[in-house]
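Peer 1: pasting the sequence and the predicted coordinates here, then a few questions.
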Amino acid sequence: DTAVSQTPKYLVTQMGNDKSIKCEQNLGHDTMYWYKQDSKKFLKIMFSYNNKELIINETVPNRFSPKSPDKAHLNLHINSLELGDSAVYFCASSKRAAYVYGYTFGSGTRLTVV
Amino acid sequence: AQSVTQPDIHITVSEGASLELRCNYSYGATPYLFWYVQSPGQGLQLLLKYFSGDTLVQGIKGFEAEFKRSQSSFNLRKPSVHWSDAAEYFCAVGAQRSSGGGADGLTFGKGTHLIIQP
């Protein structure tokens, strides 16, 4: 199936740990994104990345870092996890000119920090 | 900068009744507009999008939306809702990267939570 896939779907971890969320797309899209959805369902962009450029939302703590081994993958690594990092994280991808085509989203990773 | 307002945080509709979800946008140029639906525990799925041309856009699952430039609105409608339509609905506007930086992409509203009464 063509899709954006994220793993794991659920992640429960203790404060201070380091964790990664993986994302893969087989749509041949140019750009990938990470979004954070808080408990009020508000979607906030964290990063956008294509093979040329990483754009970081300035409000994202530097404990968060995207890592892209190739065009089809964009993983999210989080250091020193905090309680406030608990949220649902969505990966998405788009063709060039995402403002025209929109995104295809993954199914999300629910991160719970205890 | 572009923005999207969804005035209704929650809406409750009886099954079989009609539905309209409101969306207002702010953008200096011709907007690209989208509606997404998020079912419980799922990712966001594209319902429909507007680029240009006919201002009434048909989408999946029986949804449609109408672009009204004079009102800066892009409201989502469905003539008869089903219990499976209970979900979170997001309106979004697409914007090209501004000269000041940032990403090409979508700006989302805060969502409207749709509850279906039996």
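Peer 2: Here it is on my side, so go on.
Peer 1: could you tell me the phi and psi values at residue 85?
Peer 2: This is for chain A. A:D85 adopts backbone torsions of phi -80, psi -10, taken as degrees, to the nearest 10.
Peer 1: please refer instead to chain B.
Peer 2: Dihedral angles (degrees, to the nearest 10) for B:D85: phi -80, psi -10.
Peer 1: do A:Q6 as well
Peer 2: phi -120, psi 140.
Peer 1: wait, it sits on A:F105?
Peer 2: No. Using CB atoms under 8 Å, A:Q6 is not in contact with A:F105; the gap is 9.2 Å. In this view, the C-beta of every residue, glycine as well, is placed from N, C-alpha and C.
Peer 1: spit out the residues that contact those two alike.
Peer 2: A:90-91 (CB atoms under 8 Å, 6 or more residues apart in numbering or on different chains).
Peer 1: point out the residues in chain A that sit beside chain B.
Peer 2: A:4, A:31, A:33, A:40-43, A:45, A:48, A:55, A:90, A:92, A:94, A:97-100, A:102-108 (CB under 8 Å from any CB of the partner chain).
Peer 1: 6 Å instead, please
Peer 2: For chain A, the residues found near chain B under the criterion CB under 6 Å from any CB of the partner chain are A:41-43, A:48, A:55, A:98-100, A:102, A:105-108.
Peer 1: now the two most distant members of those.
Peer 2: Farthest pair in the residues of chain A next to chain B (CB to CB) is A:K41 and A:V100. Separation: 25.1 Å.
Peer 1: which bits of chain B sit near chain A?
Peer 2: For chain B, the residues in contact with chain A (CB under 6 Å from any CB) are B:32, B:34, B:42-44, B:46, B:49, B:88, B:94-96, B:103-105, B:108, B:110-111.
Peer 1: go with 7 Å
Peer 2: B:32, B:34, B:42-44, B:46, B:49, B:51, B:88, B:90, B:94-96, B:102-106, B:108, B:110-111 (CB under 7 Å from any CB of the partner chain).
Peer 1: which residues pair with B:I116 across the strands?
Peer 2: B:V13 (DSSP bridges).
Peer 1: residues touching it, list them.
Peer 2: Counting by CB atoms under 7 Å, 6 or more residues apart in numbering or on different chains, B:I116 makes contact with B:13, B:15, B:81, B:83, B:85-86.
Peer 1: what's the answer for B:Y27, then?
Peer 2: Per CB under 7 Å, 6+ apart, neighbours of B:Y27: B:2, B:93, B:95.
Peer 1: dump those to TSV, plus pLDDT.
Peer 2: Converted to TSV, those look like this (pLDDT from 0 to 100):
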residue	pLDDT
B:Q2	83
B:V93	92
B:A95	76
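Peer 1: kindly indicate which of those residues lies nearest chain A.
Peer 2: Closest approach to chain A among the contacts of B:Y27 (CB to the nearest CB): B:A95, at 5.3 Å.
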